[in-house]
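Undergrad: With the input below, show me the fold.
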Amino acid sequence: MNRGKFIVFEGGEGSGKSTILEMIYEYLIENNINCIKTREPGGIQISEDIRKIILDTKNTSMDGKTEALLYTAARRQHLVERVVPKLNDGVIVLCDRFIYSSLAYQGYARGIGMSDIYQINKFAVGEYMPDLNILFDVSPQIGLSRINKNKGREVNRLDLEKMDFHNKVREGYHKLYEGNKDKFIKIDAEKSIEEVFSEVKEIIINFIE
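TA: Numbers count the residues shown, from 1 in each chain. You can find the predicted model right below:
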């Protein structure tokens with residue numbers, strides 16, 4: 001049996017990646033393509049429990065390295081319990097965030113250093129890197145204004161960061177993209193949801209075929 005494809009949706013807060021992932025998942029299922037959707041941190045019980053700690057708005061005193069290690073722990077458990085078994089069964093895995101989120105948020109925006117964050121994540125994920133990363137690029141001003149308008153979305157600890165932090169996240173993603181163009185496709189996520197969905201759908205169909 002052929003190994004499945006590991007496709008990761010990356011981007012800053014309010015980039016629309018989670019909404020588009022849901023739409024892509026529904027499209028693939030309707031077209032009888034064997035896939036699952038999942039998210040980070042989360043996807044399985046242990047990782048969802050860690051997610052609650054990381055994103056709890058009461059935990060404003062959390063140290064940056066503590067945050068990075070919690071994300072990495074959640075990633076490892078999610079990978080071995082959910083992602084790898086599905087890939088081994090030939091299933092397409094659509095994942096909301098993975099290793100590049102840690103590099104952009106903790107490595108770059110928190111100032112811990114991308115190389116240090118990469119090392120602890122490489123220990124956690126081994127050879128299991130995404131087959132495709134789709135970067136949803138949006139200005140923080142637009143992304144955060146979307147969050148403020150979306151009353152149904154959970155407001156998490158990262159949403160409460162100052163604009164400078166979100167600008168650094170975007171800058172970090174741009175650096176990752178420039179250094180890894182063979183691993184990324186960047187899209188303009190400031191377009192309408194219909195335009196973004198159409199573009200991502202074409203990217204994924206071409207990739208899996």
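Undergrad: who does the lowest-mean-pLDDT helix or strand in the chain touch, helix- and strand-wise?
TA: Of all the helices and strands that make up the chain, helix 140-149 has the lowest average by mean pLDDT, DSSP states H and E, namely a mean of 91. The criterion is 3 or more CB pairs under 8 Å, 6 or more residues apart in numbering; DSSP states H and E, and the helices and strands that helix 140-149 contacts are helix 163-179. All C-beta atoms are positioned from the backbone trio N, CA, C, and that covers glycine.
Undergrad: Please enumerate residues in contact with the helix it packs on?
TA: Contacts of helix 163-179 from elsewhere in the structure, counted by CB atoms under 8 Å, 6 or more residues apart in numbering, are 10-13, 100, 103-105, 107-109, 114, 135, 137-141, 143-144, 184, 186.
Undergrad: Just the buried residues out of the residues you listed, in ChimeraX syntax.
TA: Filtering the contacts of helix 163-179 down to the buried ones (16 or more other CB atoms under 10 Å) takes a single ChimeraX command:
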select :10,11,12,13,100,103,104,105,107,108,109,114,135,137,138,139,140,143,144,184,186
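Undergrad: among the contacts of helix 163-179, which are in strands?
TA: 10, 11, 135, 137, 184, 186 (DSSP state E).
Undergrad: part of a strand, is residue 151?
TA: No: if the criterion is DSSP: H, G, I helix; E, B strand; the rest coil, then residue 151 is coil and not within a strand.
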